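*Asks:* sequence and predicted structure below; questions after.
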Amino acid sequence: MDSQPPASPDSQQQTTSRKRRGIGRIGWAVIGAVFFGSLLAIGILPRLSQRSELQAAVKEASTVPSVNVITPRRAAATTNLELPGSVVPLNQTTIYARSTGYLRRWYADIGDRVQAGQLLAEIDSPDIDQQVLQAKAELAQAQANVLQSRASLAKGVSDLKQARANLLIARQTWQRWSVLVKQGAVPQQDADTKYATYQANLASVEAAQNTVNSDSANVKAAQANAYASLANFQRNTVLQSYKKVTAPFSGVITARNVNTGVLISAGSGNSNTSSTTNTSNTNTSNTSLYTIAAYDKLDVNVNVPQSLSPSLQTGQTAQITVRELPQRVFTGKVVRTSNAIDPNTRTLLTQLEVQNSDATLRPGMYATVKFAINRANTPFVVPDSALVVNAGGTQVATVTQDQTVHYQKVAVGRDYGTEVEITSGLTGNESLIATPTVDETEGLRVQPVAQTK
């Protein structure tokens, strides 16, 4: 093998120079790669971080449920309150007999309009007739006794006057004889005789006075007896007048409970049920003859809820309608209330008076009463779907500022069907879940979405 000739110094220098240039190019390439890598890191890494955060937010948003929220609104200051009412007569009474006997005849039947004092029925009562005759005879006898006692008293007074006159003469005679005895003109015996006469007349005056006093007492007793007989006579006369049964006031006969010939007992102690139809039983002692009701004015009874009772005032008017008369609107006026809340229904019994001169309305009708209520503190109104009723009471689901669910207890007022009033528990700034479900539990994070109307 041939050996190569040794390299020249110039060749060695060229080789070394080429090596150095190669190493320099590699270094510059590394430096460039590092520089460009730094630039890429500065520009790409924030974008990658933002992209990661955005993906996390999207992922989190996809797991947080969205709910429709609403804001409670204030109710109107003036609201119409419609309540059911019952029409009742302003004046209604049951007529009972005050005289015992048999019904001779009746003159009014159910549905008849009668005037005050009109004859409704007659009762045949021979017992009371005899009692009137007896009382009349006793009164005449008592009055005769009064006349006789007064005559005796008059005679006694006359005798007293005569006795007093005789006493005066006897006293004067005795006094004169006493003077004559002192003068010796007459004997003492004659004077004593005059004195005895004077004493006898004094006794006669005392006896006559006692007689007058006795006769005066007899007159007073006779007069008292006469007054008692007169009162008994008047009482029986009044009872006799009750044989004619009359209407106590103008109105309509709503019930007749007897027929001709039935035995009537005075008073209202017998058990008797009122009926609106003619009775066919003529063998019982019915004391309830008629039921009469006044129709010119009627009352309408309404039970007003406790929450609205302070808004009602005496004299306030309301519109009254009945289903059977759709074209008529009656005006009623509040005349009285019970001034007490019924603990069972929490309502206030209110009575309205309505004019019914044409007798269009009838007692017992079902009516609708419409009030215009002015409220100082108006409640909030929310949809009924926003309410949650559970063991904790009536609540609404609110969304707090940190977008979590919170259940707030509220008090419910009037129910309008699709909406209800909230009388307490809300401030008006809450965001309420429109339709809460069992999935919206307390503290759950949600995404609120304003519900559009």
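*Replies:* Arrived safely, thanks for sending.
*Asks:* which one's the longest helix in this structure?
*Replies:* Secondary structure of the chain per DSSP state H: the longest helix is helix 126-183.
*Asks:* output the contacting helices and strands for that one.
*Replies:* strand 101-106, helix 188-241 (3 or more Cβ pairs under 8 Å, 6 or more residues apart in numbering; DSSP states H and E). Using the backbone N, CA and C atoms, a C-beta is placed for each residue, glycine as well.
*Asks:* the helix or strand that the longest one is followed by: how far from the chain's middle?
*Replies:* Proceeding N to C from helix 188-241, the next assigned helix or strand is strand 244-246, under DSSP states H and E. Its chain's C-alpha centre lies 35 Å from the corresponding centre of strand 244-246 when counted by Cα atoms, centre = their mean, to the nearest Å.
*Asks:* quick check: mean pLDDT across strand 244-246?
*Replies:* Strand 244-246 carries an average pLDDT of 91.
*Asks:* list the buried residues of it.
*Replies:* V245 (16 or more other Cβ atoms under 10 Å).
*Asks:* what about E430, neighbour count?
*Replies:* Using other Cβ atoms under 10 Å, E430 has 21 other residues around it.
*Asks:* how deep is the residue nearest to it when sequence neighbours are not counted tucked in, by neighbour count?
*Replies:* Residue nearest to E430 in three dimensions, not counting chain neighbours: T398, with 4.7 Å by Cβ to Cβ, 6 or more residues apart in numbering. Look at T398: counted by other Cβ under 10 Å, it has 21 neighbours.
*Asks:* what bridges to T398?
*Replies:* H406, L432 (DSSP bridges).
*Asks:* looking at the helices and strands packed on helix 126-183, which is nearest to L160?
*Replies:* helix 188-241 (3.9 Å; Cβ to Cβ).
*Asks:* ok so, going back, export the helices and strands packed on helix 126-183 to TSV and tack on distance to Q351 and mean neighbour count?
*Replies:* TSV is the format used below for the helices and strands packed on helix 126-183 (distance: least, Cβ to Cβ, whole Å; neighbours: other Cβ atoms under 10 Å):
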stretch	distance to Q351	mean neighbour count
strand 101-106	33	16
helix 188-241	35	16
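*Asks:* P248 contacts Q92, doesn't it?
*Replies:* No - P248 is not in contact with Q92 according to Cβ atoms under 8 Å; the separation is 10.8 Å.
*Asks:* got any residues that touch both of these two?
*Replies:* I292 (Cβ atoms under 8 Å, 6 or more residues apart in numbering).
*Asks:* residue ranges with poor pLDDT in the chain?
*Replies:* Counting by pLDDT under 70, the chain contains low-confidence residues at 1-49, 51-62, 268-287, 452-453.
*Asks:* try 50
*Replies:* Filtered on pLDDT under 50, the chain yields the residue ranges 1-4, 270-286.
*Asks:* so S357 versus T78, what's the distance?
*Replies:* Distance of S357 to T78, computed by Cβ to Cβ, to the nearest Å: 31 Å.
*Asks:* kindly apply the preceding question to V388 instead.
*Replies:* 30 Å.
*Asks:* for these two, indicate the residue with more neighbours.
*Replies:* Legend: neighbour count by other Cβ under 10 Å for V388 and T78, higher for V388 (20 against 10).
*Asks:* so where does the more buried one fall, helix or strand?
*Replies:* Using DSSP H and E, V388 sits in strand 387-390.
*Asks:* that strand: how far from the chain's middle?
*Replies:* Remark: strand 387-390 is offset 32 Å from the chain centroid, using Cα atoms, centre = their mean.
*Asks:* run through who's touching it.
*Replies:* With Cβ under 8 Å, 6+ apart as the test, strand 387-390 has contacts from 394-397, 407, 410, 412, 420, 436.
*Asks:* what's the separation between the residue nearest to E430 and T437?
*Replies:* Counting by Cβ to Cβ, the gap from T398 to T437 is 15 Å.
*Asks:* how about the strand ranked longest in the chain: buried residues?
*Replies:* Identified as the longest strand of the chain according to DSSP state E is strand 325-342. Across strand 325-342, burial judged by 16+ other Cβ under 10 Å covers 330, 332, 334, 337.
*Asks:* and which of these is nearest S311?
*Replies:* Checking the buried residues of strand 325-342 against S311 by Cβ to Cβ gives V334 as the nearest, at 11.1 Å.
*Asks:* and the closest one, what does it touch?
*Replies:* Per Cβ under 8 Å, 6+ apart, neighbours of V334: 312-318, 350-352.
*Asks:* buried subset of those?
*Replies:* Buried among the contacts of V334 by 16+ other Cβ under 10 Å: 312, 316, 318, 350-352.
*Asks:* between those, which sits nearest N201?
*Replies:* The nearest member of the buried ones among the contacts of V334 to N201, counting by Cβ to Cβ, is Q351 at 82.8 Å.
*Asks:* tell me the secondary structure for that closest one?
*Replies:* strand (DSSP: H, G, I helix; E, B strand; the rest coil).
*Asks:* that older thread, next, format the contacts of V334 as TSV and append distance to V205.
*Replies:* Formatted as TSV, the contacts of V334 follow (distance: Cβ to Cβ, whole Å):
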residue	distance to V205
L312	83
Q313	81
T314	76
G315	78
Q316	83
T317	84
A318	86
T350	81
Q351	76
L352	81
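*Asks:* ok, of those residues, which one's closest to Y290?
*Replies:* Nearest to Y290 out of those is Q351 (Cβ to Cβ; 25.2 Å).
*Asks:* show me what that closest one bridges to in the sheet.
*Replies:* Under DSSP bridges, the beta-bridge partners of Q351 are N301, R336.
*Asks:* SS state for V381?
*Replies:* Look at V381: counting by three-state DSSP, its state is strand.
*Asks:* that one - how many residues pack around it?
*Replies:* Using other Cβ under 10 Å, V381 is surrounded by 17 other residues.
*Asks:* I'd say it and E421 touch.
*Replies:* Yes - counting by Cβ under 8 Å, V381 touches E421, with 5.8 Å between them.
*Asks:* what's the overlap in contacts for these two?
*Replies:* Residues within reach of V381 and of E421 at once, by Cβ under 8 Å, 6+ apart, are A75.
*Asks:* contacts for whichever strand or helix holds V412, please.
*Replies:* Using DSSP H and E, V412 sits in strand 411-415. Strand 411-415 has contacts (Cβ under 8 Å, 6+ apart) with 79, 81, 305, 307-308, 379, 384, 387, 394, 420-425.
*Asks:* one more pass at 10 Å, please.
*Replies:* Applying Cβ atoms under 10 Å, 6 or more residues apart in numbering, the external contacts of strand 411-415 come out as 75, 79, 81, 305, 307-308, 373, 379-382, 384, 387, 389, 393-394, 420-426.
*Asks:* now intersect those residues with the strands, please.
*Replies:* Mapping the contacts of strand 411-415 onto strands (DSSP E) picks out 79, 81, 305, 373, 380-382, 387, 389, 393-394, 420-424.
*Asks:* on that earlier part again, among the contacts of strand 411-415, name the buried ones.
*Replies:* 75, 79, 81, 307-308, 373, 379-382, 387, 420-423, 425-426.
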